[in-house]
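J.: quick one, fold the following:
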Amino acid sequence: MSNANDPVTWLLDRAYELKSESHKVINKTVDYVSDSEAYRYVEKVVKGAKVPSLGGAAAAPPPPPSLWDRTANWIERHKWFVGIMAVGATSGTLIYMFYIRPKNGSIKRRARRAPNGSRKEVVVIAGSPSEPITRILASDFDRRGFIVYWTASSAEEEAMVKREDSMDIRPLMIKTSDESSISDTGRRLDEILKTPVVAFQGAEPHMLSLAGVVVVPDLYFPTGPVESIRADTWSDLIYSKILGPIFLLSNGLLDVVRKHRSRILLLSPTIMGSLNPAFHAGECMTANALDSLALCLHRELKPQGIPFVHMRLGSFAISPSRGSISSQERQITNSIRADILSWPDHIRNLYASPYQASSHLQTARVTGSSLRVLNNSVFDALTHPNPSRVWYVGKGSYAYRYLTSLMPESIMSWLLQPAHEKIQMMDHDWETL
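T.: Predicted coordinates:
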């Protein structure tokens, strides 16, 4: 038997050939893998290099710079411009604080005069002469150079106006319950404004101009539980505080304002109307009704070019002396006790103690704004070329309005509720009248 036909030799030859072929296949495979994108990607990942994503897509862009980074970069690129602006703003602030503002604070608020130096601007005060706030306004208008016409509905009120001892504070007789009387008063006022005036002998005649009408409803409001206030008291309240101003304006006075291109100011308290505490339903109802009335009239008159300004009043320090404050507190306390004694027994048993405990809402305080703030604000509202619809005047006028709109009812009720200890202390204290 030859070696060629030996099965063992043949098997070894086949194994050698298979080994050679295997080496060739492996080498080709290695070369193919080494040349592929996947191999290069893995190689870069292992070496820590940044690589594009699989599939050949571009790398994700870096995140955009934040607003702070953009601002810092912009400031870095515009250093000179930013520096000039900072210096200008600082200089402007210092000039305003130390030069312009002191001058504005010392501006003399005075009514305009005729060419011959006499008075020419007229203000109508539609309010009772018995009200302290109307007396304050009338005196201030006179001091600033206005001619003041002050409505009076009786001989007693006319006498009160004449006691002001100024020839430029004049009564304007009017019966607020009589529409014909209101119309006659409006026509009489219109004739006064249309008639040339000779201030002194030899002076040139000049025309009067209507600066505005200041409506001041009666500021007295009944207090106590709603069920303790009589029906006729509610009727008087609605008429004197709400219907009275409406009758004045709608029966001739508004025509005069329109004819002379003037304006109307409505003054009303706002603190109680914002808080809506117990036992003050009359004042709260009136304040909110006047708010709605002022807004409606503003929207009706604005297209005609007639400003209607609603001045919401806060607290004012009318009596600065400690003795007068103590006297007012005693008067309020005695008035509360008198109210309680006038109630029926079942109302008294229900409300006497909490009503007396709530007297802190009526107690006079010396922390209000100065009356100068009121006088200056009224003058500015009369003379500003484009006045705001609502003016908040006096301490607390805006703060109470804003805070009560934010606080929930539970917190407001808790704040307005007198302490339990105070109610117990007030129990039957009203009997010591």
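J.: now the helices: where do they sit in the stretch 301-433 of the chain?
T.: Residue ranges of the helices in the stretch 301-433 of the chain, as given by DSSP state H, counting those that start in this stretch, are 322-341, 345-357, 371-383, 397-406, 409-416, 420-426.
J.: tell me where the model's unsure across the protein.
T.: Along the chain, the model assigns pLDDT under 70 to residues 1-20, 22-23, 25, 27, 29-60, 94, 96-106, 318-329, 359-366, 418-433.
J.: all the strands of it, in order from the start?
T.: 121-126, 147-152, 169-173, 209-215, 264-269, 308-313, 390-393 (DSSP state E).
J.: list the contacts of the closest residue to Ile347 other than its chain neighbours.
T.: Distances taken as Cβ to Cβ, 6 or more residues apart in numbering put Ser228 closest to Ile347, at 5.1 Å, once the chain neighbours are dropped. Every C-beta, even on glycine, is put in place using the N, C-alpha and C of the backbone. Neighbouring residues of Ser228 by Cβ atoms under 8 Å, 6 or more residues apart in numbering: Asp339, Trp343, Pro344, Ile347, Tyr351.
J.: need the buried ones from those residues selected in ChimeraX.
T.: The command below creates a ChimeraX selection of those among the contacts of Ser228 that count as buried (16 or more other Cβ atoms under 10 Å):
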select :339,343,347,351
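J.: return the closest of the contacts of Ser228 with respect to Thr383.
T.: Closest to Thr383 out of the contacts of Ser228 is Asp339 (42.4 Å), distances taken as Cβ to Cβ.
J.: and that closest one, what does it touch?
T.: For Asp339, the contact set (Cβ under 8 Å, 6+ apart) comprises Thr223, Gly224, Ser228, Tyr355.
J.: so which of these is surrounded by the most neighbours?
T.: Greatest neighbour count in the contacts of Asp339, by other Cβ atoms under 10 Å, goes to Tyr355: 25 neighbours.
J.: still on that earlier bit, would you turn the strands of the chain into TSV with distance to Gly244?
T.: Below are the strands of the chain laid out as TSV (distance: least, Cβ to Cβ, whole Å):
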stretch	distance to Gly244
strand 121-126	9
strand 147-152	10
strand 169-173	15
strand 209-215	9
strand 264-269	12
strand 308-313	16
strand 390-393	21
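J.: closest to Ile75 out of these?
T.: Minimum separation from Ile75 across the strands of the chain (Cβ to Cβ) falls at strand 390-393, 39.4 Å.
J.: would you mind writing the CA trace of stretch 266-283 as CSV?
T.: Output of stretch 266-283 as CSV, limited to C-alpha atoms (Å, rounded to 0.1, in the frame of the first residue of the first chain):
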residue,chain,number,x,y,z
LEU,A,266,-67.4,112.8,44.1
LEU,A,267,-65.9,112.3,47.6
SER,A,268,-66.9,109.3,49.6
PRO,A,269,-65.4,107.2,52.5
THR,A,270,-63.9,103.9,51.5
ILE,A,271,-62.4,102.1,54.5
MET,A,272,-65.7,100.6,55.9
GLY,A,273,-66.9,99.9,52.4
SER,A,274,-63.7,97.8,51.8
LEU,A,275,-63.8,96.0,55.2
ASN,A,276,-67.6,95.4,55.3
PRO,A,277,-67.6,94.9,59.1
ALA,A,278,-70.6,93.9,61.2
PHE,A,279,-72.9,96.7,62.4
HIS,A,280,-71.9,99.0,59.5
ALA,A,281,-74.3,97.9,56.8
GLY,A,282,-75.5,101.5,56.1
GLU,A,283,-72.0,102.9,55.3
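J.: gap between the nearest residue in space to Ala203 that is not next to it in sequence and Arg143?
T.: Excluding the flanking residues, the one nearest Ala203 by Cβ to Cβ, 6+ apart is Asn116, at 4.8 Å. Distance, Asn116 to Arg143, using Cβ to Cβ, to the nearest Å: 20 Å.
J.: Gln331 now?
T.: Applying Cβ to Cβ, the value for Gln331 to Arg143 is 30 Å.
J.: filter the contacts of Asp339 down to the ones in helices?
T.: Under the assignment DSSP state H, the contacts of Asp339 contribute Tyr355 to helices.
J.: burial count for Pro205?
T.: 11.
J.: follow-up on the earlier one: the strands of the chain into a markdown table, with extra columns for mean neighbour count?
T.: Formatted as a markdown table, these follow (neighbours: other Cβ atoms under 10 Å):
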| stretch | mean neighbour count |
| --- | --- |
| strand 121-126 | 24 |
| strand 147-152 | 25 |
| strand 169-173 | 18 |
| strand 209-215 | 23 |
| strand 264-269 | 24 |
| strand 308-313 | 24 |
| strand 390-393 | 20 |
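J.: relative to Trp80, which of the ones you listed is closest?
T.: Closest to Trp80 of the strands of the chain, according to Cβ to Cβ: strand 390-393, at 43.7 Å.
J.: quick revisit: tell me who's in contact with the residue nearest to Ala203.
T.: By Cβ under 8 Å, 6+ apart, Asn116 lies in contact with Ala199, Phe200, Ala203, Glu204, His206.
J.: number of residues surrounding the closest residue to Glu283 other than its chain neighbours?
T.: Leaving aside its chain neighbours, Glu283 sits nearest to Phe221 (3.9 Å; criterion: Cβ to Cβ, 6+ apart). Neighbour count of Phe221, defined by other Cβ under 10 Å: 17.
J.: I'd say Phe221 and Met285 touch.
T.: No - in this structure, Phe221 is not within contact of Met285 by Cβ atoms under 8 Å, at 9.2 Å.
J.: quick check: Asp404 vs Leu415, distance?
T.: Careful, residue 404 is Thr; it's not Asp. 10 Å.
J.: cool, thanks, signing off.
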